[in-house]
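Participant: fold the stuff below for me.
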Amino acid sequence: MNNRQQLLEALQAHQPFDAHEATMLQQMIQFVADSPWVFSRENLAGHITASAWIVNPAFDQVLMLHHAKLNKWLQPGGHADGNENLFEVVKSELEEETGIAGIADPQLFDIDIHAIPAKGEVPEHLHYDVRFLVVVPDDQVIMRNEESNDLSWFPLHDILKLNGESSIERMVNRTYQLQTQAL
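Facilitator: Presented below is the predicted three-dimensional model:
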């Protein structure tokens, strides 16, 4: 995705998993189409982020990090910081937060819009998160950075014990579908 138009095309082609994601998808399409500075965190109403749902080839393990600031288990990801190429953003975040480099182009997997609490001078705002599926061997060498307290592979069936948020549950359920399709 090299620009806003390609992002819009990818979003319009995305098949939402459920009605909630379908609603968020329409909101995200509207946001990307109508709002200036969607790729900049200086847009205090909200901005685009990119994250990676990292699974092993059998779709039964997920790589999660324990986010230091948010104090919860999440998929790696971060701000676009002006970069309209979300493939580059997610690859950079993946390498920075897990040490995994050289991945092929990830595929759009899920979208989510969620509120980020106010912190210091930054008011509460929305993250319009574009989530990509990344498949890597679960024996891949991983290295966490200072943004996380931990980084580890977990069985898919344990992910909701770590984080039971609806957006995580949606990605887990979508992964179960991929798992059965791979059989």
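Participant: distance of the spatially most central residue of the chain from Pro76?
Facilitator: Closest residue to the average C-alpha location of the chain: Ser51 at 2.5 Å, with Cα atoms, centre = their mean. For Ser51, the distance to Pro76 equals 6 Å [Cβ to Cβ, to the nearest Å]. In short, each C-beta sits where N, CA and C put it, glycine included.
Participant: what is in contact with those two at once?
Facilitator: Shared contacts of Ser51 and Pro76, defined by Cβ atoms under 8 Å, 6 or more residues apart in numbering, comprise Glu93.
Participant: a strand runs through Ile111, doesn't it?
Facilitator: Yes. Assessed with DSSP: H, G, I helix; E, B strand; the rest coil, Ile111 lies in a strand.
Participant: strands of the protein, residue ranges please.
Facilitator: 46-55, 61-67, 72-74, 77-79, 107-116, 125-135, 148-155 (DSSP state E).
Participant: and those strands as a markdown table, adding mean pLDDT?
Facilitator: Shown next, in a markdown table, are these (pLDDT from 0 to 100):
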| stretch | mean pLDDT |
| --- | --- |
| strand 46-55 | 96 |
| strand 61-67 | 95 |
| strand 72-74 | 95 |
| strand 77-79 | 93 |
| strand 107-116 | 95 |
| strand 125-135 | 96 |
| strand 148-155 | 94 |
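Participant: deepest of the ones you listed, which one?
Facilitator: Among these, ranked by average contacts under mean count of other Cβ atoms under 10 Å, first place goes to strand 46-55 (a mean of 25).
Participant: hang on, the earlier thing: take the strands of the chain and write them to TSV, including distance to Asp34.
Facilitator: Below are these laid out as TSV (distance: least, Cβ to Cβ, whole Å):
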stretch	distance to Asp34
strand 46-55	12
strand 61-67	30
strand 72-74	28
strand 77-79	20
strand 107-116	15
strand 125-135	12
strand 148-155	34
